[in-house]
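[1] here is my input; please provide its structure:
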Amino acid sequence: MDKLSISKMTIAEIYKYIEENQFLLKQSDLRYLCDQGIKKAVKNLAWAIDNSIKFSVERVSESEGYYDLKFRIFNQLKDFLPGNDIFSSGKQTNSKRQKENVSYLFVGGPPRSGTSALGRLLNESEEICLFVEAFNHKFGYAPQMFEPDFVSSIKGVHSEKNLNLLGSKKFEKLKYIGDKRPSFNLSQHQTFHQFKPEELKLIYIVRCPYSIAASYEKRASRASLNNSNDWNMHKGALAACEEMNINMERVLEMKNSVWQESLVVVDFDDVFTSEEIYIKLLNFLTVTYTEIMKKSFERNIDDISSSKISYPKNIVEVVDNNLNWDLFNKLKGLTIK
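    Residues are numbered from 1 along each chain as shown. Predicted coordinates for the structure are as follows:
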């Protein structure tokens, strides 16, 4: 078969092609990938091909479950894609930026760590445009993704919210544009091939592990009752620990690299309850603390604090036995004081 023009195919056709050509070892693998949201990732891949974005595809450890399966697909698909150089060897691309004085901002952390709440606070600034999970983090990010014309063409769960945000911002006033994305760090190496350290900032949120695990359990329980598509019923406290461990390991890699000045770590309880800490975060970003932002912050103070919550014994045991506490304590030591 000639080079596959994946961007001209429907999602159903893409999956049929993968299936017929035995790109996966088992039929069940394909169904599993569909369940895990890879369908959206394939759409992003199609767009990347059309826009000549390069991705650095690296093998990940077997312990990372379906992420490894995803890369198996990539490695087998790439020979059939037009222009194999979309899978770059690690060289940084010369991406054209939409505005010379705009940098790129990401808010990351494990799922259920407070990325949404912090994103809402930061978007009160006229200098920040932070989308809500506009892109699939598994592919990483590139500057072209934040061109207004492209953002407005993206279809997804948060499309309407992101379009409204885009329409409310004056681009001549922006210092930052970016995305709030849990687990941003899982694909940080792909992202880092697309940016220079001086044009990217990452805010990483550290939150009480028991609180995150309890939230996972709650979502899993809800999914088991109503067959929810937005959460896996088997993704409970243990999965929370595994995902926290992977995220913490990745973000700590930044502290020992050229990206260390791009990173700031905040504690969930501190950044939402201490105006002093919040202002220090804004100072890191060189963003002005306005009266509107102050009022928004004050509305959050009484709502957010996990320090007085009592957690179920089973969740405490799972977290105590499965979280990498050495990594957690290292990250806590890096938070803004």
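[2] contacts, neighbours, all on C-alpha from now
    Fine.
[3] buried residues in stretch 321-331, which are they?
    Buried residues in stretch 321-331, counted by 16 or more other CA atoms under 10 Å: Leu323, Asn324, Leu327, Phe328, Leu331.
[4] tell me if I'm right that Lys235 and Ala220 touch.
    Yes: counting by CA atoms under 8 Å, Ala220 is a contact partner of Lys235 at 5.7 Å.
[5] those two: who's more crowded?
    Ala220 (21 against 17; other CA atoms under 10 Å).
[6] so how far is Arg181 from that one?
    20 Å (CA to CA, to the nearest Å).
[7] also Phe171?
    Distance from Phe171 to Arg181, by CA to CA: 21 Å.
[8] please apply the same query to Lys255.
    20 Å.
[9] same check on Ser168?
    Ser168 is 21 Å from Arg181, by CA to CA.
[10] which of those two has more neighbours?
    Arg181 (24 against 11).
[11] isn't the more buried one up against Val107?
    Yes: in this structure Arg181 lies within contact range of Val107 using CA under 8 Å: 6.0 Å.
[12] give the residues shared as contacts by these two.
    Jointly contacting Arg181 and Val107 under the rule CA atoms under 8 Å, 6 or more residues apart in numbering are Thr115.
[13] what sits against Glu249?
    So Glu249 contacts Leu327 (CA under 8 Å, 6+ apart).
[14] also Gly114?
    Ile205, Arg207, Phe268 are the contacts of Gly114 under CA under 8 Å, 6+ apart.
[15] which of those fall in helices?
    Judged by DSSP state H, the contacts of Gly114 include Phe268 as members of helices.
[16] which of the contacts of Gly114 are buried? Put it as a ChimeraX command.
    Filtering these down to the buried ones (16+ other CA under 10 Å) takes a single ChimeraX command:
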select :205,207,268
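[17] is it possible to get the contacts of Gly114 out as a markdown table so that each row also shows distance to Asn162?
    As requested, the contacts of Gly114 are arranged in a markdown table below (distance: CA to CA, whole Å):
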| residue | distance to Asn162 |
| --- | --- |
| Ile205 | 22 |
| Arg207 | 26 |
| Phe268 | 24 |
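[18] residue ranges with poor pLDDT in the chain?
    Scanning the chain for pLDDT under 70 picks out 1-100, 136-139, 149-159, 227-230, 302-308.
[19] could you pull out the strands for the stretch 151-300 of the chain?
    If DSSP state E, counting those that start in this stretch is used as the criterion, the strands of the stretch 151-300 of the chain fall at 176-180, 200-206, 263-267.
[20] got those as JSON lines, with distance to Asn226 columns?
    Shown next, in JSON lines, are these (distance: least, CA to CA, whole Å):
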{"stretch": "strand 176-180", "distance to Asn226": "27"}
{"stretch": "strand 200-206", "distance to Asn226": "30"}
{"stretch": "strand 263-267", "distance to Asn226": "33"}
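[21] to Tyr216, which of those strands lies closest?
    The minimum distance between Tyr216 and the strands of the stretch 151-300 of the chain falls on strand 200-206, with 15.7 Å, by CA to CA.
[22] quick one: that closest one to strand 176-180, angle?
    Note on geometry: by axes from the mean of the first three to the mean of the last three CA atoms, to 10 degrees, strand 200-206 and strand 176-180 are set 40 degrees apart in direction.
[23] can I get strand 200-206 in CSV, CA atoms only?
    Taking Å, rounded to 0.1, in the frame of the first residue of the first chain, the C-alpha atoms of strand 200-206 are listed here in CSV:
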residue,chain,number,x,y,z
LEU,A,200,7.9,27.8,28.6
LYS,A,201,6.7,27.8,32.2
LEU,A,202,5.2,24.9,34.1
ILE,A,203,3.3,25.2,37.3
TYR,A,204,3.2,21.8,39.0
ILE,A,205,0.7,21.3,41.9
VAL,A,206,1.5,19.1,44.8
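[24] strand partners of it, parallel vs antiparallel please.
    strand 103-108 (parallel), strand 263-267 (parallel) (DSSP bridges).
[25] can you tell me which of those strands is most buried?
    strand 103-108 (a mean of 24; mean count of other CA atoms under 10 Å).
[26] tilt between whatever helix or strand comes next after it and strand 176-180?
    Remark: after strand 103-108, the chain's next helix or strand is helix 115-122, criterion DSSP states H and E. Using the same axes, to 10 degrees, the inter-axis angle of helix 115-122 relative to strand 176-180 is 160 degrees.
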